[in-house]
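J.: predicted model and sequence below, questions to follow.
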Amino acid sequence: MKKFKTVLFLFTLTFFFQNCSTEDNTLPNTNGPENILEPSNLNLENTDSYTLSDFGPNSYWADYIVDRPTTDFLITQHNASARFFGMGNVPLYFAGGPDTFNAISFSRGYVVWGEELLASAKSYGNAAIAYVAAHEMAHQVQFRDSRIPSSNHVSATELEADGFGGYFIRKTYTSNWTTAAGAYRFSQTLAGPRGSSHGSAPQRRSAYRLGYLLGENNSYSNRDFDANFFYYYNYYVLDGRLKKGLNKPKTISEEAHNYILSHLKELHKIYTGEISEKDFMNLSN
């Protein structure tokens with residue numbers, strides 16, 4: 001009888017530990033935001049997010065994507081843009097596997113990068129990775145300040161994020177336009193038709209170039225950049241003509257104002273598509 005009780009106890013103990021092990025294996029992967037089981041389970045319809053598309057059903061949370069050096073470079077640029085825009089700590093998560101050509105900035109305060117998107121950006125050079133990191137961080141700026149973007153243009157949110165990206169590249173990454181333009185070559189692959197939320201390729205080129213030029217002579221707070229970006233974009237880039245009776249923004253120097261106006265015709269031709277992608281790459285600083 002005693003032997004039977006011992007066997008029964010050992011059987012019960014084994015069953016208990018087997019059950020615990022099974023339950024532990026069903027816990028969500030903690031590499032993702034808020035312990036979401038897989039990237040495909042991110043609820044993009046019921047949350048504020050700036051995104052291209054959902055992640056596929058075979059995607060998974062990963063410690064790194066593409067390779068460790070590329071992931072480390074992305075992390076460096078993500079953190080650098082967070083500091084530059086005064087965002088503090090913004091968690092960054094990685095989605096590996098197929099159907100991950102996406103990067104998402106969530107209003108809950110984190111960013112998710114997909115492996116396929118990072119691999120594609122890498123093929124255009126490190127400047128492209130730095131640009132997209134800044135673009136996604138710009139969305140965090142917009143989430144945190146209801147007055148940004150200050151324009152109600154249909155593509156204002158995305159075009160301004162392109163502008164912020166160009167500004168970040170000029171202020172922190174390179175003052176060489178050839179290198180900076182290389183970053184844009186990737187971003188235009190994400191463009192849509194004119195009037196779409198992401199803006200057309202010429203629209204995005206003009207926004208990126210304007211942001212880059214704004215970084216030439218001045219530094220701005222996020223709100224001041226927003227105000228100056230839309231001042232020049234709405235009044236000058238879209239129209240292409242010098243305006244009489246308009247005062248320059250108070251937060252920009254006379255030198256910087258004249259510098260932007262010296263590129264006025266160029267910016268308008270970028271916007272209309274008269275300046276091709278090839279010509280865009282060969283513009284001067």
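T.: Now that the structure is in, tell me what you want to look at.
J.: from here on, contacts and neighbour counts on C-alpha atoms
T.: Fine.
J.: any stretches of the stretch 151-285 of the chain with poor pLDDT?
T.: 188, 190-198 (pLDDT under 70).
J.: can we see that at 90?
T.: 152-155, 182-204, 217-218, 239-248, 276-278, 281-282, 284-285 (pLDDT under 90).
J.: where along it do the helices fall?
T.: Secondary structure of the stretch 151-285 of the chain by DSSP state H, counting those that start in this stretch: the helices cover 156-168, 177-187, 201-214, 222-232, 254-262, 264-272, 277-281.
J.: can you put the ones you listed in CSV and add mean neighbour count and distance to H135?
T.: Output for the helices of the stretch 151-285 of the chain, formatted as CSV (neighbours: other C-alpha atoms under 10 Å; distance: least, C-alpha to C-alpha, whole Å):
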stretch, mean neighbour count, distance to H135
helix 156-168, 27, 5
helix 177-187, 21, 10
helix 201-214, 27, 10
helix 222-232, 20, 13
helix 254-262, 15, 22
helix 264-272, 21, 19
helix 277-281, 15, 20
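J.: now those helices as JSON lines including distance to N31?
T.: Below are the helices of the stretch 151-285 of the chain laid out as JSON lines (distance: least, C-alpha to C-alpha, whole Å):
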{"stretch": "helix 156-168", "distance to N31": "27"}
{"stretch": "helix 177-187", "distance to N31": "27"}
{"stretch": "helix 201-214", "distance to N31": "33"}
{"stretch": "helix 222-232", "distance to N31": "31"}
{"stretch": "helix 254-262", "distance to N31": "44"}
{"stretch": "helix 264-272", "distance to N31": "41"}
{"stretch": "helix 277-281", "distance to N31": "39"}
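J.: I'd like to know which of those is closest to D145.
T.: helix 222-232 (8.6 Å; C-alpha to C-alpha).
J.: quick one, which of the helices of the stretch 151-285 of the chain is nearest to I148?
T.: For these, the distance to I148 is smallest for helix 222-232, at 6.6 Å, taking C-alpha to C-alpha.
J.: and the angle from that closest one to helix 264-272?
T.: Relative orientation of helix 222-232 versus helix 264-272 (axes from the mean of the first three to the mean of the last three C-alpha atoms, to 10 degrees): 90 degrees.
J.: and Y231, what is it in contact with?
T.: Y231 makes contact with P249, according to C-alpha atoms under 8 Å, 6 or more residues apart in numbering.
J.: relative to R144, how far out is it?
T.: Applying C-alpha to C-alpha, to the nearest Å, the value for Y231 to R144 is 21 Å.
J.: same question for D63.
T.: Distance from D63 to R144, counting by C-alpha to C-alpha: 27 Å.
J.: between the helices of the stretch 151-285 of the chain, which one is nearest to E116?
T.: Among these, helix 177-187 sits nearest to E116 (C-alpha to C-alpha), with 13.0 Å.
J.: packing partners for the closest one?
T.: Applying 3 or more C-alpha pairs under 8 Å, 6 or more residues apart in numbering; DSSP states H and E, one finds that helix 177-187 makes contact with helix 126-144, helix 277-281.
J.: what's the last one in contact with?
T.: In other words, helix 277-281. With C-alpha under 8 Å, 6+ apart as the criterion, helix 277-281 contacts 177-178, 181-182, 185, 270.
J.: returning to what we had before: the helices of the stretch 151-285 of the chain: which one's closest to D67?
T.: Using C-alpha to C-alpha, those put helix 177-187 closest to D67, at 19.3 Å.
J.: quick check, A95 in a strand?
T.: Yes - according to DSSP: H, G, I helix; E, B strand; the rest coil, A95 belongs to a strand.
J.: for it, give the beta-bridge partners.
T.: Per DSSP bridges, the residues bridged to A95 are W61, G114.
J.: just to check, it is in contact with G56?
T.: No - using C-alpha atoms under 8 Å, A95 makes no contact with G56, being 9.9 Å away.
J.: who has more neighbours, the two?
T.: A count of neighbours by other C-alpha atoms under 10 Å puts A95 above the other of A95 and G56, at 30 against 17.
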